[in-house]
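[1] Turn this into a structure:
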Amino acid sequence: MKFKYPKLFNSKLFLLGMVIVLGGGIFLQYQRYENQRLLDEEIQNLVNEQNALTQKNLELEQSLKFFATNEHQEKLAKEQLGLQREGEIVVNFPQDLTLQTDADFSLPPESNPAKWWRYLFKSKTQS
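    Below you'll find the model as predicted:
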């Protein structure tokens, strides 16, 4: 005995309904995939931000430890308040101290005719 499908399965309306249901299912699955991708991207951004904040927090902790040291506080007291220890001699040097070279004491520039005179007449006598 052969199994006979109902006429409903052979109708074009049923086929259209199945295509619509299948298309809707695919559309819903794509929306779910897209939402999951956006969530994963947001999670990754938050993890990156957390790592950056953790790193910055470590740097700030190190800075705080450095600023709390006696050496740093002593340096600040010396530089900003001008304090010094007993028996210590403070020597301040000017900030714009530059060395003068021979180029600073050069001769004034020679005129063009004087340069030609020196080139034409003096160079032959020196060789």
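[2] Run through the chain and note the low-pLDDT ranges.
    Where the chain drops to pLDDT under 70, the residues are 1, 3, 5, 97-106, 123-127.
[3] After the helix or strand where Thr54 lies, which helix or strand is next?
    Element membership of Thr54 [criterion: DSSP states H and E] is helix 12-67. Of the helices and strands lying after helix 12-67 in sequence (DSSP H and E), the nearest is helix 70-81.
[4] And Gln84, how close does it get to Pro94?
    Between Gln84 and Pro94 the computed distance is 19 Å (CB to CB, to the nearest Å). Glycine gets a C-beta too; all of them are placed from N, C-alpha and C.
[5] ditto for Thr69
    30 Å.
[6] Of the two, which one has the most company?
    Using other CB atoms under 10 Å, the more surrounded residue of Thr69 and Pro94 is Thr69, with 10 against 6.
[7] give the contact list for the more buried one.
    Not one residue lies near Thr69 by CB atoms under 8 Å, 6 or more residues apart in numbering.
[8] where does it sit relative to Ser63, distance-wise?
    Separation of Thr69 from Ser63 (CB to CB) stands at 11 Å.
[9] Between these two, which contacts overlap?
    With CB under 8 Å, 6+ apart as the test, Thr69 and Ser63 reach no residue in common.
[10] give the contact list for the spatially most central residue of the chain.
    With distances taken as CA atoms, centre = their mean, Ala52 lies nearest the centre of the chain, 12.0 Å away. With CB under 8 Å, 6+ apart as the criterion, no residue contacts Ala52.
[11] distance of it from Gln44?
    With the distance defined as CB to CB, Ala52 ends up 13 Å from Gln44.
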